[in-house]
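Peer 1: here is the input, now give the coordinates:
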Amino acid sequence: MKKILLVLCLFFSFSLFKSGEVQASSADDTVYYDLKKGGTQEFITSDSEGRTMHIVVEEIPGISLFSLNNGSYRISGKKTGLWEASYYISVTNETITRTYSPSATAITGSFSSTYLRLDSNKQATYYLGWKMGILNYNHYLQATIRSGSLNITY
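Peer 2: Numbers count the residues shown, from 1 in each chain. Just a heads-up that it's a prediction; the model follows:
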């Protein structure tokens, strides 16, 4: 009887600890930057795990002869207590033409990988492989242009 109880206790204790890779963000976590309004727009929200996210989209000053939606933007995100990251995109005629200058700082833990990618002419993603101890988490800051807005998903 003691052996059965010991096996059950061990099995239960192993189920309390998770290891490996965990998806830390959900596709529903999105903020909307109004391209027509422009300027700097800040968003403070919570992710699906209840952690505070601070997203800032800044229009980089410049002269655009063709459209109010043309220009460069700095996209930055801060997951409170964990990490901060940013990158720039160039936009022409509501398409993303370039991504550049990625930056990421781990406040706690560390980054196992970071990768900035122009997924299509409507979407750019900054992939952040962040780890704490033996646990790995995949975070991202994704910019998508749709109908006059820049949607930032994290």
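Peer 1: helix or strand: which one has the residue nearest to residue 143 when sequence neighbours are not counted?
Peer 2: Nearest residue to residue 143 in three dimensions, chain neighbours excluded: residue 124, at 4.9 Å (CB to CB, 6 or more residues apart in numbering). (C-beta placed from N, C-alpha, C; glycine too.) Assigned by DSSP states H and E, residue 124 belongs to strand 123-132.
Peer 1: sheet partners, orientation included, of the next helix-or-strand element following that strand?
Peer 2: The element immediately downstream of strand 123-132 (helix or strand, assigned by DSSP H and E) is strand 135-146. With DSSP bridges as the test, strand 135-146 is paired with strand 20-23 (parallel), strand 123-132 (antiparallel), strand 149-153 (antiparallel).
Peer 1: give me the distance from strand 135-146 to the chain's centre.
Peer 2: 4 Å (CA atoms, centre = their mean, to the nearest Å).
Peer 1: beta partners for the residue nearest to residue 143?
Peer 2: Beta-bridge partners of residue 124, counted by DSSP bridges, are residue 118, residue 143.
Peer 1: got any ranges where this structure has weak pLDDT?
Peer 2: 1-28, 63-69 (pLDDT under 70).
Peer 1: residue ranges for the strands of this structure, please.
Peer 2: Counting by DSSP state E, one finds strands in the chain at the ranges 20-23, 30-34, 40-46, 52-60, 71-79, 83-92, 95-106, 110-120, 123-132, 135-146, 149-153.
Peer 1: what comes up buried for the fourth one?
Peer 2: In terms of neighbour count (16 or more other CB atoms under 10 Å), strand 52-60 has its buried residues at 53, 55, 56, 57, 58, 59.
Peer 1: number of residues surrounding the residue lying closest to the second one once chain neighbours are set aside?
Peer 2: When you say that, I think you mean residue 55. Among residues not flanking residue 55 along the chain, residue 43 sits closest, at 4.4 Å (CB to CB, 6+ apart). Neighbour count of residue 43, defined by other CB atoms under 10 Å: 16.
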